[in-house]
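> Have a look; sequence and predicted model below, questions after that.
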Amino acid sequence: MPVRKASAEWRGGLQDGAGRVALGSGAYEGDYSYKSRFGDGSGGTNPEELIGAAHAACFSMALSNMLATDNHPPTAVQTTAEVTIRPEDGQPTITSIALHTVGTVPGITAEQFAEYAEKAKAGCPVSRALTGTTITLDTQFSS
């Protein structure tokens, strides 16, 4: 399996500095800042938002694969990840990630969809990398 890369650079102090992040694929490059990370200010993205995007994408792919493998190919799976960062032991810590997924899958029930979603949450590589974080899941379903 390939090794994926990303890079980041930070210049200056924490609150007055600025950074730039880039994905190795070239698909994204942008700014990040103290305000975009710890406040409601603009200034680009932040590490938690990027983790959320990675988690939502990984989970959606894992769930879609499980469904398709069992002959229930989804019409669509859309996931949002809400990443919470809070002080813990005096350090900013990602304390939880809430996954919200909406699936359209012909031929199965809402209960079956929720079961598949729980398995995908447990098995997707990003969930597995984040085992020290509380990960919750809620599902919405249409057939």
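Done, it's in.
> residue ranges for the helices of this structure, please.
34-38, 47-69, 110-123, 125-129 (DSSP state H).
> For Asn71, grab the count of nearby residues.
Neighbour count for Asn71, taken as other CB atoms under 10 Å: 7. No exception for glycine: its C-beta is placed from N, CA and C like everyone else's.
> cool, Val126 as well?
That count, for Val126 with other CB under 10 Å as the rule, works out to 20.
> go on, Asp89?
Using other CB under 10 Å, Asp89 has 5 neighbouring residues.
> same thing with Thr109?
Neighbours of Thr109 (other CB under 10 Å): 11.
> worst-scoring helix or strand of this protein, pLDDT-wise?
Every helix and strand in the chain was compared by mean pLDDT, DSSP states H and E; the lowest is helix 34-38, with a mean of 92.
> Enumerate every residue touching Ile51.
Ala81, Val83, Ile94, Ile97, Val126, Leu130 (CB atoms under 8 Å, 6 or more residues apart in numbering).
> Now the fifth one: closest residue in space, sequence neighbours ignored.
Across the structure, with CB to CB, 6 or more residues apart in numbering as the measure, the residue nearest Val126 apart from its sequence neighbours is Cys58 (4.0 Å).
> wait, doesn't that neighbour sit right on Arg128?
No - here Cys58 lies out of contact with Arg128, judged by CB atoms under 8 Å, at a distance of 9.4 Å.
> When the two are compared, which one has more neighbours?
Applying other CB under 10 Å to Cys58 and Arg128 shows that Cys58 carries more neighbours, namely 20 against 10.
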